[in-house]
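Novice: Please work out how this folds:
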Amino acid sequence: MRPFANLKNRLNRWLRNEDGGVIGIEFMIAAPIIVTLTVIFFGGYQAYRKEVVGQRASVTVVDALSRELDFVNDAYIDGMASLLNFMTNTTEKPGLRVTALRWELSNPSNPDSGRLRVVWSEVRNKQIDRMRNSNLNTLAERLPTMVPDQRIILTETWLTIEPPTKILAEPYTEKTFDFMFPRFADRVCFNNTPDNPDAALC
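Specialist: Residues are numbered from 1 along each chain as shown. Model prediction:
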């Protein structure tokens, strides 16, 4: 305890002298501002870091899906949701929606009649619907140009960001939107009954 007592005595003497008194007052005025700014910057950095981690996790999921040659099933999607949760390391499990889309011509004789169609869609850890064809009205604008019968894999995630302090912001949800074409096959099929290939959604 003696070192702390000596430190306290020296601090008291410094605050009592003329120069130290002025510096002490300035420090007491500036200290709350410095601490507040430090907390805000730290909170902003932590929130940004979590957003970046969530984005990278989403890209990891869609990249893994794009490489699949075998059927994807419920267990596979569950595994991707667990991987997403592990990578983001958040208290609330991030929501995940995986959708396989196809570009088709509604009128084969008209090349300008292209439209997106849902092949299959799965959701985990989020109270939202699977992607439906009625949800695709504006989605084509966010995807690259496709040719008839081409497939693309889309992943959407919802990650709850909780800043370390509420000085910066309240908890909020960060949504990611990532897509990738199948790499080693022309499509990724969903099938919970691999013994029956005819049941696959491709």
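Novice: Now the spatially most central residue of the chain: which helix or strand?
Specialist: Geometric centre of the chain, nearest residue: G54, 3.2 Å, by C-alpha atoms, centre = their mean. According to DSSP states H and E, G54 maps onto helix 18-66.
Novice: Summarise which helices and strands that helix is packed against.
Specialist: helix 2-16, helix 74-88, strand 95-105, strand 151-161, strand 172-180 (3 or more C-beta pairs under 8 Å, 6 or more residues apart in numbering; DSSP states H and E). Where C-beta positions appear, they are placed from N, C-alpha and C, glycine not excepted.
Novice: Swap in 7 Å and give it another go.
Specialist: Taking 3 or more C-beta pairs under 7 Å, 6 or more residues apart in numbering; DSSP states H and E as contact, the helices and strands that helix 18-66 lies on are helix 2-16, helix 74-88, strand 151-161, strand 172-180.
Novice: okay, and for the protein, where does confidence drop off?
Specialist: Counting by pLDDT under 70, the low-confidence segments of the chain come to 1-8, 10-24, 27, 43, 163-169.
Novice: In stretch 77-92, which residues are buried?
Specialist: Counting neighbours by 16 or more other C-beta atoms under 10 Å, one finds that the buried residues in stretch 77-92 are 77, 80-81, 84-85, 87-88, 90.
Novice: For that stretch, output the C-alpha coordinates as PDB.
Specialist: Backbone C-alpha positions of stretch 77-92 (Å, rounded to 0.1, in the frame of the first residue of the first chain) are rendered in PDB as follows:
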ATOM      1  CA  ILE A  77     -27.900 -25.900 -44.900                       C
ATOM      2  CA  ASP A  78     -27.900 -26.400 -41.100                       C
ATOM      3  CA  GLY A  79     -24.100 -26.800 -41.300                       C
ATOM      4  CA  MET A  80     -23.800 -23.600 -43.200                       C
ATOM      5  CA  ALA A  81     -25.900 -21.800 -40.600                       C
ATOM      6  CA  SER A  82     -23.700 -23.200 -37.800                       C
ATOM      7  CA  LEU A  83     -20.600 -22.100 -39.700                       C
ATOM      8  CA  LEU A  84     -22.000 -18.600 -40.000                       C
ATOM      9  CA  ASN A  85     -22.800 -18.500 -36.300                       C
ATOM     10  CA  PHE A  86     -19.300 -19.700 -35.500                       C
ATOM     11  CA  MET A  87     -17.600 -17.200 -37.700                       C
ATOM     12  CA  THR A  88     -19.600 -14.200 -36.500                       C
ATOM     13  CA  ASN A  89     -19.500 -15.300 -32.800                       C
ATOM     14  CA  THR A  90     -22.600 -13.300 -31.800                       C
ATOM     15  CA  THR A  91     -25.000 -13.900 -29.000                       C
ATOM     16  CA  GLU A  92     -28.000 -14.000 -31.400                       C
END
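Novice: so the residue nearest to the centre of the chain makes contact with T160?
Specialist: No - between G54 and T160 there is no contact under C-beta atoms under 7 Å: 9.6 Å.
Novice: if we can go back for a sec, just the closest of the buried residues of stretch 77-92 to D129, please.
Specialist: Using C-beta to C-beta, I77 comes nearest to D129 of those, at 15.5 Å.
Novice: Isn't the closest one up against V98?
Specialist: Yes - with contact defined as C-beta under 7 Å, I77 and V98 form a contacting pair (6.1 Å).
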